[in-house]
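J.: Kindly return the folded structure for what I paste below:
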Amino acid sequence: MERLELDERFETERLIFRRLMYEDAEEIFYAYASKPEATRFVSWPTHRTVADTQRFLMQTRAAWASGTDYSFSIRLKNSHRLIGSIGALNEYGKIQFGYIISPLQWNKGYATEATRKFMELLSGQPGVYRIGTLVDAANIASQRVLEKSGLIVEARLTKWLRFINQNNEPRDCILYRYPLPDRDAQ
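T.: All right, here's what the predicted structure looks like:
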């Protein structure tokens, strides 16, 4: 597995990103992981206890070490408050990414700011030939974030994915791709 060369910490104008740490468990749980409105469109179940979040963080530590998952907390620069996370799954240079933001921080541009920075970092990685993500077709807010961040729609996939927090029913998804100019031309 070719590892990504991502720093464990980076910043934007308003945000600080840091590799997810076991010590973040309570903040993650209370900011978004336990919130059904936040977890509606994610692939993992809403956390019922801090222990669920701790188990998740143990998995992310191991996955970072193996080069398969690079997950970061998103914090506000001015208060250091944890407001979400963003991460990338690395499958031999094919990157799938996702993010989640605390409902208290929605509609403030944080998801777009985080996604733009993450696309900048990922697209500069050697060996990365594709960056993309899947979004529930009903998740209009995330579609807007992705489009503002430079991603383009590649396909609409009918009954493509089961979202555990939506009764595990198959849902239509939109496949987005981040254009990699020097690589897309090949």
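J.: Now do the strands in this protein.
T.: The residue ranges that make up the strands of the chain, judged by DSSP state E, are 9-11, 15-19, 69-76, 82-91, 94-101, 130-136, 152-162, 170-177.
J.: okay, those strands, which one's buried deepest?
T.: Most buried of the strands of the chain, by mean neighbour count (mean count of other CB atoms under 10 Å): strand 69-76, with a mean of 22. Any C-beta I mention is one placed from the backbone N, CA and C, and that applies to glycine too.
J.: Check the offset of it from the chain's centre.
T.: 8 Å (CA atoms, centre = their mean, to the nearest Å).
J.: Does anything pack onto it? Which helices or strands?
T.: Under the contact criterion of 3 or more CB pairs under 8 Å, 6 or more residues apart in numbering; DSSP states H and E, strand 69-76 touches strand 15-19, helix 50-66, strand 82-91.
J.: Turn the ones you listed into a markdown table, including mean pLDDT.
T.: Putting the helices and strands packed on strand 69-76 into a markdown table (pLDDT from 0 to 100) gives the following:
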| stretch | mean pLDDT |
| --- | --- |
| strand 15-19 | 98 |
| helix 50-66 | 95 |
| strand 82-91 | 97 |
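J.: Ala38: which of the ones you listed is closest?
T.: strand 82-91 (8.5 Å; CB to CB).
J.: Just want the angle from that closest one to strand 69-76.
T.: Using axes from the mean of the first three to the mean of the last three CA atoms, to 10 degrees, the direction of strand 82-91 lies 160 degrees away from that of strand 69-76.
J.: Strand partners (parallel or antiparallel) of strand 82-91?
T.: Looking at strand 82-91 with DSSP bridges, its paired strands and their directions are strand 69-76 (antiparallel), strand 94-101 (antiparallel).
J.: Just the angle for it relative to strand 15-19, thanks.
T.: Note on geometry: by the same axes, to 10 degrees, strand 82-91 and strand 15-19 are set 50 degrees apart in direction.
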